[in-house]
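Participant: Here's a sequence, model it:
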Amino acid sequence: MKSLNFILRVLIILLFIIQGCGTFVTSDGTTNTRQGNREVQKKPALSPDKEEKIVKGELIVRFKDTVTNQEMEKIISSIGARTLKTVSKERKTVLILLPEELSEKDAINELSKLTDVLYAEPNRIYTLGAE
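Facilitator: Predicted coordinates:
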């Protein structure tokens, strides 16, 4: 009897976990949501039946190892952005917030032209889930 109670408790917990992992779509069919104070925007991923979530207005930028912190800030401010967080000091990687008038695509294009920038990419949200 004790093992049956244990199994039932585990099943109930698993049901709560599985239910919390679902995707919710609003009545008008949109899938944009908010996480914390950030707007989340879904974009098509490589596979047509999967979607990629990004945080709107944020980029992850990695600079060359030879770039100083002052040079990094100068580059970031040159596009009107500001640093939100240092992702990795060793790898010179930061999370930046773009001004509202600048799209992620345009900012990536501008930053990618600079020799001191290794890459700039959207701030993606990854989730675990069954396919």
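Participant: Show me which positions of stretch 70-89 end up buried.
Facilitator: Residues M72, I75, I76, I79, A81 are the ones in stretch 70-89 that count as buried (16 or more other C-beta atoms under 10 Å). Glycine gets a C-beta too; all of them are placed from N, C-alpha and C.
Participant: Could you check how far the last one is from L98?
Facilitator: A81 sits 5 Å away from L98, going by C-beta to C-beta, to the nearest Å.
Participant: so where's this protein shaky on pLDDT?
Facilitator: 1-2, 8, 10-12, 14-51, 130-131 (pLDDT under 70).
Participant: just the strands in it please.
Facilitator: Taking DSSP state E as the criterion, the chain contains strands spanning 33-35, 38-44, 51-63, 82-88, 93-97, 117-125.
Participant: and those as CSV, adding distance to L111?
Facilitator: Shown next, in CSV, are these (distance: least, C-beta to C-beta, whole Å):
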stretch, distance to L111
strand 33-35, 25
strand 38-44, 19
strand 51-63, 6
strand 82-88, 13
strand 93-97, 9
strand 117-125, 4
